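With the sequence up front, the predicted model follows.
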Amino acid sequence: MLRAAEIAAAPRVHRLQVGEADLRADLGVTLGPDERELLWVRSQIVVTSAAAGIAPPIAPVSTDFRDLDALRASTEALARLGFVGRACIHPAQVAVVNDVFTPSAEAIAEAEEVLAALAAAGSGVAVDSRGRMLDEAVARQARRVLARKFTQSL
């Protein structure tokens, strides 16, 4: 973690991932139900990836492959932090992870609306049907949603 920026800047690095089981063992960290004990590490790897201009990171494995409800809650939290996928150690985890990281029809429609509104405005700033301001930052987020729509079959 202390050299993550250096690693991310290496010429053939495209994406980062943290081996959290190893890190927890090294640090003596015991996770609570909300896993906030690793919030700094997780946030740091997302920020480091963005700063280096590489792809967003893949979330770490969950070693408890039987508790799919906990996996879903953890994966949803990781998605909110900026992770775009999650490594799995058991086939039972795949459906949950795919479900969390696959944009819903509503999210896709909203992203398409954002981009259409901005294109129609022609000025780089627009207002959507709910009265929210739209700009390039909102457009980048919309494009990220749509990019995940097209990569789910990989």
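Great, that's in hand. Note that the structure is predicted; figures quoted are calculated from it, not measured. Numbers count the residues shown, from 1 in each chain.

contacts, neighbours, all on C-alpha from now
Will do.

which residues of this structure score low on pLDDT?
For the chain, the stretches flagged by pLDDT under 70 are 150-154.

try 90 this time
For the chain, residues meeting the criterion pLDDT under 90 lie at 33, 119-124, 126-132, 147-154.

what's next to stretch 49-63, contact-wise?
5, 8-9, 13-21, 45-46, 71, 75, 78, 82-89 (Cα atoms under 8 Å, 6 or more residues apart in numbering).

Mind giving me the ChimeraX select for the residues you listed, buried ones only?
Buried residues among the contacts of stretch 49-63 (16 or more other Cα atoms under 10 Å), as a ChimeraX selection:
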select :5,8,9,15,16,17,18,20,45,46,71,75,78,82,83,84,85,86,88
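
ok, which stretches of this protein are strands?
Along the chain, counting by DSSP state E, strands occupy 126-127, 133-134.

for those, which one ends up most surrounded?
Sort the strands of the chain by mean neighbour count, taking mean count of other Cα atoms under 10 Å, and strand 126-127 sits at the top with a mean of 18.

Just give the nearest non-adjacent residue to R72, would you?
Residue nearest to R72 in three dimensions, not counting chain neighbours: V96, with 6.1 Å by Cα to Cα, 6 or more residues apart in numbering.

residues touching A117, list them.
By Cα under 8 Å, 6+ apart, the neighbours of A117 are A126, V127, D128.

and the last one, how many residues sit next to it?
Using other Cα atoms under 10 Å, D128 has 15 neighbouring residues.

what separates the residue lying closest to V127 once chain neighbours are set aside from M1, distance-wise?
In space, and not counting its chain neighbours, V127 is closest to M133: 4.6 Å by Cα to Cα, 6+ apart. In this view, M133 and M1 are 36 Å apart by Cα to Cα, to the nearest Å.

Just want the phi and psi numbers for the closest residue to G85 other than its chain neighbours.
In this structure, G85 finds its nearest non-sequential neighbour in I58, 4.9 Å apart by Cα to Cα, 6+ apart. In terms of degrees, to the nearest 10, the main-chain angles of I58 are phi -90, psi 140.

what does G53 give?
phi 70, psi 20.

One more: L16?
phi -110, psi 160.
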